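Student: Got a predicted structure here, sequence first:
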Amino acid sequence: MSSEDLMKTWQQVAPVHSQRCYVSITVVDNFIYAMGGFDGYIQLNTAERYDPDTNQWTLITPKHERRSDAKATTLNGKAQPRPQARKPSPSKQLWDKEEALRLLLMGLLCSFQNCCICGQSGATIPCWARHCNLSFHLPCAKQGGCVTQFVAPYRAFCPAHSPQQAVEATPEPGTQCLICLEPVEDRNTFNTLVCPACRTAWFHRDCIQGQALHAALLSLQCLHCRNDDTFLRDMITMGIRIPFRAPSWESNTAFAELEERHRRCDASECLCPGGRQEAEEQGPWELLLCSSCAAEGTHRHCSGLRDSIAS
C-alpha cells in the first residue's frame, strides 16, 4: 500500500514477491527497499526493491544472514539494516502472562488425558485439528506417526490429522535414501520423505532429522538439487526439527584435530632416554616428520641422522 501526501489516501500497489513480516524498510533514491523478515516459518535473507514509477518489485542481491526484527536506515546512499532490541510493550507482557497461564492450565488438563498411542495417562500434547480430542506423549509421537512442528505456533497432530506432503511423486524401484543409501519405501509415508523441489531425492525421516540437527537452519538443503527455501518449509511442516544456529561443523573446535601435530617417535626402536613422546626443538632428539604426510615421525638420532643434516 502507499499513501498520497496530498489526498491522504491509500492506494493498492504491486505485491512483494515473498510474504514477510517484521521486515526492514528504508528509502534510497526514491526506491523502497524491503529486506529480510519472517514468513511464518523461517527468517528470510531475501531483499526486494520497489520502483514507484513502474509499480514493480524487483528481487535484489540477498543478504548474507537471515534476519527479522531489524531497523533499516540510509548511510552514504546505501540501505543499511540494523539489529533492533525490542522492549516488550505492557500489552505484550500481559499477553505473555495470559499465554503462560493458558499453557499451564492446558498442561494440567491434558495430564489426565490418555495417550492415543500407548494408552497411558499424562498425554500433554493435544491434536490441533478441530473437534479432535486425541492427545499423545512426545516420546510416542514418532512411534505412532504423530507430527509435532517445532516453530510457532508449535502445532501438533495425531496420526489421523498429520500433514501430508503435497508432492505427487513415487520412488523408482530400488530408490535409496541419499543419506544412508538404504532402500526407501515404495511410496511417500510418515517415515519416507521426498524433496518437494526436485521430487527425485528421497530420505528416511530419521536420516533427514539427523542431517538437520547437524546442518541446522543456515545450511540444511536438499542433497540433490540444493534447494533450501522450499525444502526447509516442507521439512518444518512435516515435523523435522531444524535448530536455528550455525552448522555443527562450524563450531570453534570442529576442526581442532587438523591443527594437531604428530608428537611421537615411530622408529622400530626408540633410543631416546625420555621415551617416544620426548621431543626437542633441535639436536639428536628433534622429532622429524614425514615430508609427504606428516603423519609419522622419528627422532633424528633414532633414524641415524647427524645433528647437522637438515630435515
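Tutor: Sure, I can see it. Fair warning: this is a prediction, and the values are worked out from it, not measured in the lab.
Student: Kindly state the pLDDT recorded for P247?
Tutor: Looking at P247, its pLDDT stands at 87.
Student: What number of residues are in the vicinity of I25?
Tutor: Look at I25: counted by other C-beta atoms under 10 Å, it has 14 neighbours. Using the backbone N, CA and C atoms, a C-beta is placed for each residue, glycine as well.
Student: next one: the one 3 residues further on
Tutor: The criterion is other C-beta under 10 Å. On that basis, V28 has 16 neighbouring residues.
Student: hey, what's it bridged with?
Tutor: Beta-bridge partners recorded for V28 (DSSP bridges): F31.
Student: and the gap between it and E48?
Tutor: For V28, the distance to E48 equals 13 Å [C-beta to C-beta, to the nearest Å].
Student: Same question for T298.
Tutor: According to C-beta to C-beta, T298 stands 63 Å off from E48.
Student: Tell me which of the two has more neighbours.
Tutor: Neighbour comparison, T298 and E48: the larger count goes to T298, with 23 against 19 (by other C-beta under 10 Å).
Student: For the more buried one, give me the pLDDT.
Tutor: pLDDT, T298: 92.
Student: just S311 next, same as before
Tutor: S311 is given a pLDDT of 42.
Student: S308 too?
Tutor: Looking at S308, its pLDDT stands at 55.
Student: try A295
Tutor: Predicted confidence (pLDDT) for A295: 85.
Student: And C198, by the same measure?
Tutor: On pLDDT, C198 comes in at 93.
Student: Confirm for me that it is in contact with T230.
Tutor: No: the criterion here is C-beta atoms under 8 Å, and C198 misses it with T230 at 9.6 Å.
Student: Could you check how far E182 is from G145?
Tutor: 20 Å.
Student: out of these two, which sits in the more crowded spot?
Tutor: Higher neighbour count among E182 and G145: G145, with 16 against 9, using other C-beta under 10 Å.
Student: Contacts only, for N227.
Tutor: C195, A197, C198, Q221 (C-beta atoms under 8 Å, 6 or more residues apart in numbering).
Student: so who does the nearest residue to the last one once chain neighbours are set aside touch?
Tutor: Spelled out, that is Q221. Once flanking residues are discounted, Q221 sits nearest to D228: 4.1 Å by C-beta to C-beta, 6 or more residues apart in numbering. D228 makes contact with L220, Q221, C222 under the criterion C-beta under 8 Å, 6+ apart.
Student: And the helices in the stretch 201-311 of the chain?
Tutor: Using DSSP state H, counting those that start in this stretch, the helices assigned to the stretch 201-311 of the chain run over residues 205-219, 229-237.
Student: If you compare the directions of the first one and helix 229-237, what angle comes out?
Tutor: Just to be clear, that refers to helix 205-219. For helix 205-219 against helix 229-237, the angle by axes from the mean of the first three to the mean of the last three C-alpha atoms, to 10 degrees is 130 degrees.
Student: how far away is L181 from D266?
Tutor: Counting by C-beta to C-beta, the gap from L181 to D266 is 36 Å.
Student: With neighbour numbers in mind, choose between those two.
Tutor: With neighbours defined as other C-beta under 10 Å, L181 and D266 compare such that D266 has more, 16 against 8.
Student: Not counting its neighbours along the chain, what's nearest that one?
Tutor: Counting by C-beta to C-beta, 6+ apart, the residue nearest D266 is E296, at 4.5 Å.
Student: do the same with F244
Tutor: L217 (4.8 Å).
Student: mind checking pLDDT for S121?
Tutor: 87.
Student: got a list of what it touches?
Tutor: For S121, the contacting residues are S111, F112, Q113, N114, C115, by C-beta under 8 Å, 6+ apart.
Student: Q113 too?
Tutor: By C-beta under 8 Å, 6+ apart, the contact list for Q113 reads S121, G122, A123, T124, P126, S135.
Student: Give the lowest-confidence helix or strand of this protein, using mean pLDDT as the measure.
Tutor: Least confident helix or strand, the chain: strand 2-3 with a mean of 47, by mean pLDDT, DSSP states H and E.
Student: Look at the most centrally placed residue in the chain and report its pLDDT.
Tutor: In the chain, the centroid-proximal residue (C-alpha atoms, centre = their mean) is L217; its distance is 1.4 Å. Among the per-residue scores, L217 holds a pLDDT of 89.
Student: ok, it touching I42?
Tutor: Yes: if you go by C-beta under 8 Å, L217 and I42 touch, sitting 6.5 Å apart.
Student: Return every residue with contacts to both of these two.
Tutor: Common neighbours of L217 and I42, using C-beta under 8 Å, 6+ apart, are R66, L232.
Student: where does the stretch 201-311 of the chain dip in pLDDT?
Tutor: Scanning the stretch 201-311 of the chain for pLDDT under 70 picks out 252-256, 258, 307-311.
Student: can you list contacts of stretch 46-65?
Tutor: Applying C-beta under 8 Å, 6+ apart, the contact partners of stretch 46-65 are 2, 13-18, 30-36, 45, 81.
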